[in-house]
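Chemist: Sequence first, predicted coordinates after that:
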Amino acid sequence: MTDSDVRSLHERVERKARRLHVLHQARTQCRSGCSSCCVDELTVFEVEADEIRTSYAELLARGTPHAPGACAFLDVANACRIYEHRPYVCRTQGLPLRWIDERDDEAVELRDICPLNENGPPVEMLAEEECWTLGPFEEELATMQSVSHPELTRIPLRTLFK
């Protein structure tokens, strides 16, 4: 698995997410400096961590992570220092999300959206294609991970700093 495979996946995610960002631009409050979703608990597969390590070796070796509580990759103005190579999870933040959960042996569709972006039609009323569906891209990342790193462990972004 190569960095270009991860970049290709990110480009496909970006194209699909861009369509949804345009569709929901009236309700979306996400802008540069908005970091409500940028929390320490975010994790990535090793294949995405490898791309960040390669692309931002200098920052990781000599840079200072943001204070605990927020993503380590935020700068003093709460802007992302790795935006061009940000992981998958960061590329879909703020969008209306939908996913299928198994409850009592029954598939149940769940939906969510950032509280800052709740103005507008309730996410439950949106058509399926108006939401980001969780699952397919995560499965693709898991497959990439299994090829190059046998464990499906996830890495907290903060731990990438030396």
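Modeler: Thanks, I have the structure now. Residues are numbered from 1 along each chain as shown.
Chemist: Only C-alpha atoms from now on, for both contacts and neighbour counts.
Modeler: Will do.
Chemist: Check which residues of the helix ranked longest in the chain are buried.
Modeler: The single longest helix within the chain, with elements called by DSSP state H, is helix 3-23. Buried residues in helix 3-23, counted by 16 or more other Cα atoms under 10 Å: 3, 6-7, 10, 13-14, 17, 20-21.
Chemist: So for that helix, mean pLDDT?
Modeler: The average of the pLDDT scores along helix 3-23 is 93.
Chemist: For it, C-alpha coordinates in CSV please.
Modeler: Taking C-alpha atoms only, helix 3-23 is exported to CSV below (Å, rounded to 0.1, in the frame of the first residue of the first chain):
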residue,chain,number,x,y,z
ASP,A,3,0.8,7.0,0.0
SER,A,4,-0.6,7.5,-3.5
ASP,A,5,-3.4,4.9,-2.7
VAL,A,6,-4.4,6.8,0.3
ARG,A,7,-4.2,10.1,-1.6
SER,A,8,-6.4,8.6,-4.3
LEU,A,9,-9.0,7.6,-1.7
HIS,A,10,-8.8,11.1,-0.2
GLU,A,11,-9.4,12.6,-3.6
ARG,A,12,-12.5,10.5,-4.2
VAL,A,13,-13.8,11.4,-0.7
GLU,A,14,-13.1,15.1,-1.4
ARG,A,15,-15.1,15.0,-4.7
LYS,A,16,-18.1,13.4,-3.0
ALA,A,17,-17.9,15.6,0.1
ARG,A,18,-17.5,18.8,-2.1
ARG,A,19,-20.9,18.0,-3.7
LEU,A,20,-22.5,17.7,-0.2
HIS,A,21,-20.7,20.8,1.1
VAL,A,22,-22.2,22.8,-1.8
LEU,A,23,-25.6,21.3,-1.3
